[in-house]
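Enquirer: I need the structure of the sequence given here:
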Amino acid sequence: MIVRYLGLAPYQNVYDKMKHFTECRTEETFDELWVVEHPPVYTQGQNGKPEHILNPAMIPIVQVDRGGQVTYHGPGQIVVYTLIDFKKRGCGVRSLIRALENAVIATLADYGIESCGDVSAPGVYVNGKKIAALGLRIRKGAVYHGLSLNVAMDLTPFSGINPCGYEGLEVIQMQDFVPTVTLPEVTERLVAYLEYYLDPVQLQKSVELKALN
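Expert: Predicted coordinates for the structure are as follows:
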């Protein structure tokens, strides 16, 4: 698996490149993880309902082809795009989702933050508050889009939407629990856990995600 660090990059540019990469991939194409931050942007999933966008202010809205509803990306949030041929890795999409969530859960645990997933609403939560979002698109036996983890960012723009289509859902970040946390150190840990949980051997174990209380 190849890991690419894209720095701070406009959403639309990266989105277009993801689609191109997936459209052109072959049996010989290596899977890749793209690690990036975005300038402020709302992204609306392909079945997104406009009523979940409450007050976007001056933040642009990009219509995308992933699943799910609207979410926000901005500086201080780690976004990892998972350009993965899940069939070649011997797993289904559900196992892949669990692997991504487990990587986030393990990263948070390193900072003493206890979290869990929710089988009915993909993502990672701390006491019912969302700290990481996840959305994928299947194309040609592979997936793209990926996950975002809130580390040390301005959470205000989340008040302009119903995050992921859930009215009243509270969104939090790692800095709420660990004031000194930094994006580079979290990125290093998260990427390492993603490489571990996305290993074909780990994927085929189909480790069950701890249920959300």
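
Enquirer: buried stuff in the biggest strand by length in the chain?
Expert: Taking DSSP state E as the criterion, the chain has its longest strand at strand 129-139. Buried residues in strand 129-139, counted by 16 or more other CB atoms under 10 Å: 130-137. (C-beta placed from N, C-alpha, C; glycine too.)

Enquirer: Give the other helices and strands that it contacts.
Expert: Applying 3 or more CB pairs under 8 Å, 6 or more residues apart in numbering; DSSP states H and E, we find strand 129-139 packed against helix 93-109, strand 123-126, strand 142-150.

Enquirer: give me that answer again for 6 Å
Expert: strand 123-126, strand 142-150 (3 or more CB pairs under 6 Å, 6 or more residues apart in numbering; DSSP states H and E).

Enquirer: The last one: how far from the chain's middle?
Expert: Read that as strand 142-150. 4 Å (CA atoms, centre = their mean, to the nearest Å).

Enquirer: Packing partners of it?
Expert: Applying 3+ CB pairs under 6 Å, 6+ apart, one finds that strand 142-150 contacts helix 11-24, strand 77-83, strand 129-139.

Enquirer: okay, those in TSV with mean pLDDT and distance to residue 197 next?
Expert: Below are the helices and strands packed on strand 142-150 laid out as TSV (pLDDT from 0 to 100; distance: least, CB to CB, whole Å):
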stretch	mean pLDDT	distance to residue 197
helix 11-24	96	21
strand 77-83	97	11
strand 129-139	94	13
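
Enquirer: Let me have these in TSV, extended by distance to residue 93.
Expert: As requested, the helices and strands packed on strand 142-150 are arranged in TSV below (distance: least, CB to CB, whole Å):
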stretch	distance to residue 93
helix 11-24	14
strand 77-83	11
strand 129-139	7
